[in-house]
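In: Give me a 3D structure for the following:
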Amino acid sequence: MKRMSLLQVTEVSYSYNFKMPLKSKNRSENVLQDISFSIEEGSCLGLLGTSGAGKSTLGKVILGIQRPQQGQVLFQGHDIYNADKMTKRKWRRNLQAVFQDSYSSVNPRMTAESIISEPLENYEKLTLTEKRKAVIFLLERVGLSEKDLKKYPHQFSGGQLQRINIARAIALKPMLIVLDESVSSLDRVTQSLILELLNELKADFGLSYLFITHDIKAAFSISDHLGVLEKGELIECYDSKAQFFESKHPAVKRMRDSILAEHPRHRSLTV
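Out: Sure thing, here's the model as predicted:
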């Protein structure tokens with residue numbers, strides 16, 4: 001018997017409607033067209049695409065933020081847009097997200113302790129002592145410490161605050177985390193440290209990821225499988241990095257050509 005996928009996206013389409021000035025009809029723009037893919041437990045799908053490809057919209061559809069006009073999003077076999085209240089509460093617990101802008105993802109008036117404990121307060125019945133102990137464990141697990149408990153967002157660097165967002169995302173031990181350009185605003189050294197942390201957490205907690213990015217190197221460092229989104233269409237999926245480099249698709253070739261060599265003297269300018 002075939003094992004059920006953790007996440008199953010089937011023929012999802014989404015379009016935005018725009019009100020046209022001085023015209024009676026609105027204009028519709030397709031952002032996603034017949035997107036289908038799956039993510040298995042304990043695996044990471046890297047979703048690559050340039051700006052405007054529809055990556056973030058797809059992330060919002062999967063998170064239940066934007067309902068698609070067509071298609072299904074199944075999480076653990078349940079349609080997230082047509083589930084009953086109890087099932088929705090369950091998948092919201094098991095489906096978390098980390099976004100690109102670490103500062104806008106948190107309340108600037110909340111301490112690190114309050115930010116991380118928020119999901120615990122919503123889903124767990126813990127005493128104050130148990131909650132504090134859990135938050136300290138999470139802080140330490142992402143490379144911070146107990147002395148950071150009472151700090152506010154402005155007192156952290158971008159990389160440190162993203163670690164806090166990750167700690168919040170893993171607080172409930174979810175099954176899947178959507179990482180939407182979660183390292184793209186960080187410098188290369190910090191990116192590397194965060195990606196290393198994400199790989200460790202994936203192994204330690206048995207997490208699954210949807211890693212949405214435009215950065216091929218970042219995707220390669222964390223993904224088990226790769227997909228390429230181009231103008232709202234999932235043009236190709238790969239089970240290995242070798243398949244990505246063997247692809248003859250023009251959009252994939254442009255992505256490969258955009259990768260610069262590590263050292264400036266080995267780089268060439270292609271017009």
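In: going forward, measure contacts between C-alpha atoms and count neighbours the same way
Out: Fine.
In: Can you list the low-confidence ranges for the stretch 151-271 of the chain?
Out: 260-271 (pLDDT under 70).
In: Can you show me the helices along it?
Out: Secondary structure of the stretch 151-271 of the chain (DSSP state H, counting those that start in this stretch): helices at 158-170, 188-205, 216-222, 241-246, 250-257.
In: Just put the ones you listed in CSV and tack on distance to Ile35.
Out: Conversion of the helices of the stretch 151-271 of the chain to CSV gives the following (distance: least, Cα to Cα, whole Å):
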stretch, distance to Ile35
helix 158-170, 26
helix 188-205, 25
helix 216-222, 20
helix 241-246, 19
helix 250-257, 17
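In: Spatially central, which residue of the protein would that be?
Out: For the chain, the residue sitting closest to the mean C-alpha position, by Cα atoms, centre = their mean, is Leu179 at 1.7 Å.
In: Hmm, that one is touching Ile212, no?
Out: Yes - if you go by Cα atoms under 8 Å, Leu179 and Ile212 touch, sitting 5.9 Å apart.
In: Same question for Ile136, what's its three-state structure.
Out: helix (DSSP: H, G, I helix; E, B strand; the rest coil).
In: Who are the contact partners of it?
Out: Ser145, Glu146, Leu149 (Cα atoms under 8 Å, 6 or more residues apart in numbering).
In: ok, 10 Å please
Out: Glu113, Ile116, Ser117, Glu130, Leu144, Ser145, Glu146, Lys147, Asp148, Leu149 (Cα atoms under 10 Å, 6 or more residues apart in numbering).
In: now do Gln155
Out: Thr111, Ala112, Asp148, Leu161.
In: got a winner among those for most neighbours?
Out: Within these, most neighbours by other Cα atoms under 10 Å means Ala112, with 26 neighbours.
In: Angles on the backbone of it, please.
Out: The phi/psi pair for Ala112 (degrees, to the nearest 10) reads phi -60, psi -40.
In: right, and it touches Val106 too?
Out: Yes - with contact defined as Cα atoms under 10 Å, Ala112 reaches Val106; the gap is 9.3 Å.
In: Name the residues contacting each of the two.
Out: Contact criterion Cα under 10 Å, 6+ apart; residues bridging Ala112 and Val106 by contacting each: Tyr152, Pro153, Leu161, Ile164, Asn165.
In: which one among the residues you listed gets closest to Ser192?
Out: Leu161 (15.3 Å; Cα to Cα).
In: Please report the distance of the closest one from Val9.
Out: Distance, Leu161 to Val9, by Cα to Cα, to the nearest Å: 31 Å.
In: Alright, that wraps it up for me.
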